[in-house]
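Colleague: Here is a sequence with its predicted model. Questions after.
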Amino acid sequence: MRSLPSFYRSRFRLLLGSSMGLLSILPAGAAMASTVADSTQAAPRFNVGMQAVHFRFAGLGQIGSNGKPLAYNGLMPSVGYRFNSRWQVEVAAVWRGKKAEGPMTVLDYPNGGLYRYFDTYQSYAVPIVARFSLLPRQRRWGVEAVAGFSILHSLVEGNRSMTEAGQPVQPFQVSGFTEANDLPLALGAALTYAPSKHWTVRGEGRLNWSWMGSVAGAVLFGGVFLPQTGVSAGVQYNFGLGL
């Protein structure tokens with residue numbers, strides 16, 4: 001039978017060992033809690049942006065009466081989501097209002113009649129691209145590779161005016177229209193500058209190529225559409241603290 005002091009010494013060693021084990025767990029638990037807090041704090045990975053763009057598309061419904069690809073000039077809003085420090089996806093929208101592209105056709109008939117005709121072009125594009133940072137670490141300056149496609153819809157309206165001899169010149173009326181959809185591919189690169197975690201300034205160049213229009217053109221006309229250049233510059237606001 002053990003003596004009473006020996007029994008208390010054993011219990012004391014057991015309690016001391018348990019206390020030391022608990023203390024060793026606390027730093028790990030604190031670190032885990034800190035990591036969870038940091039990940040929660042950095043959880044918002046969405047961003048919004050605005051870019052001034054000059055894009056051109058050549059494809060279905062994107063060639064004006066002058067034979068040139070249609071140009072998109074103006075502001076392009078965007079919203080994005082960052083998966084990690086290198087990958088993000090972005091959805092944007094750019095549109096062009098109803099506008100004539102090319103000369104008006106004017107015919108003077110021998111009997112004194114007058115015929116006038118021109119086309120107007122109206123369309124919008126929704127570019128969906130992935131951005132990949134070519135630099136593995138966060139720095140103020142960065143370089144991105146850009147790849148994706150655009151959802152493109154266009155409306156071409158024919159406008160004509162028929163005036164009989166001796167009558168006042170008649171106003172234009174819509175005589176017909178054509179709608180077209182396309183999915184041009186996009187490939188480009190961007191230079192970025194981040195003055196803070198929340199703001200990113202970006203300058204970008206990309207190529208837009210109508211593969212659907214090229215396939216249709218090769219089958220019907222024996223030709224394809226060439227890729228068209230586009231440039232943009234703008235800012236992006238990053239919600240949360242970033243990654």
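Modeller: Looks like it came in fine. Small disclaimer: the values here were computed from a predicted structure and weren't measured.
Colleague: use CA for all of it now, contacts and neighbours both
Modeller: OK.
Colleague: Which stretches in the protein count as helices?
Modeller: Read by DSSP state H, the chain holds these helices, from start to end of the chain: 4-41, 211-220.
Colleague: Now the last one: buried residues?
Modeller: When burial is assessed from 16 or more other Cα atoms under 10 Å, helix 211-220 yields the following buried residues: 211, 212, 213, 214, 216, 217.
Colleague: rewinding a little: would you single out the least confident of the helices of the chain?
Modeller: For the helices of the chain, the bottom mean pLDDT is recorded on helix 4-41, which sits at a mean of 45.
Colleague: just for this protein, where's the confidence low?
Modeller: Counting by pLDDT under 70, the low-confidence segments of the chain come to 1-44, 137-138, 241-243.
Colleague: which stretches of it form strands?
Modeller: Under the criterion DSSP state E, strands of the chain are mapped to 46-57, 70-82, 87-92, 94-100, 105-108, 114-133, 141-163, 173-182, 185-193, 199-209, 228-238.
Colleague: Excluding sequence neighbours, find me the nearest residue to residue 47.
Modeller: residue 238 (4.4 Å; Cα to Cα, 6 or more residues apart in numbering).
Colleague: cool, residue 102 as well?
Modeller: Taking Cα to Cα, 6+ apart, and ignoring the residues beside it in sequence, residue 102 has residue 66 as its nearest neighbour in space, at 4.3 Å.
Colleague: List the backbone torsions phi and psi for that neighbour.
Modeller: phi -80, psi 0 (degrees, to the nearest 10).
Colleague: How far off centre is stretch 76-93?
Modeller: Using Cα atoms, centre = their mean, to the nearest Å, we find the averaged C-alpha position of stretch 76-93 to lie 7 Å away from the chain's own average C-alpha position.
Colleague: Enumerate the positions of it that are buried.
Modeller: By neighbour count on 16+ other Cα under 10 Å, the buried set for stretch 76-93 is 76-82, 86, 88-93.
Colleague: cool, and stretch 230-241?
Modeller: When burial is assessed from 16+ other Cα under 10 Å, stretch 230-241 yields the following buried residues: 230, 231, 232, 233, 234, 235, 236, 237, 238, 239, 240.
Colleague: Stretch 110-125 too?
Modeller: In stretch 110-125, the ones that count as buried by 16+ other Cα under 10 Å are 114, 115, 116, 117, 118, 119, 120, 121, 122, 123, 124, 125.
Colleague: what's the answer for stretch 162-174, then?
Modeller: Taking 16+ other Cα under 10 Å as the criterion, stretch 162-174 shows 162, 163 as buried.
Colleague: Tell me which residues are up against that stretch.
Modeller: Contacting residues not belonging to stretch 162-174 are listed as 111, 112, 113, 114, 115, 116, 157, 158, 159, 160, 161 [Cα atoms under 8 Å, 6 or more residues apart in numbering].
Colleague: For residue 57, state which of these is nearest.
Modeller: Sorting the contacts of stretch 162-174 by how near they are to residue 57, with Cα to Cα, puts residue 157 at the top with 18.2 Å.
Colleague: how near is the residue lying closest to that closest one once chain neighbours are set aside to residue 165?
Modeller: Of all residues not flanking residue 157 in the chain, residue 177 sits nearest, at 4.2 Å (Cα to Cα, 6+ apart). When distance is defined by Cα to Cα, to the nearest Å, residue 177 is 28 Å away from residue 165.
Colleague: go on, residue 61?
Modeller: Plainly put, residue 61 is 35 Å away from residue 165 if you go by Cα to Cα.
Colleague: cool, residue 95 as well?
Modeller: From residue 95 across to residue 165, the span is 40 Å (Cα to Cα).
Colleague: Much appreciated, bye for now.
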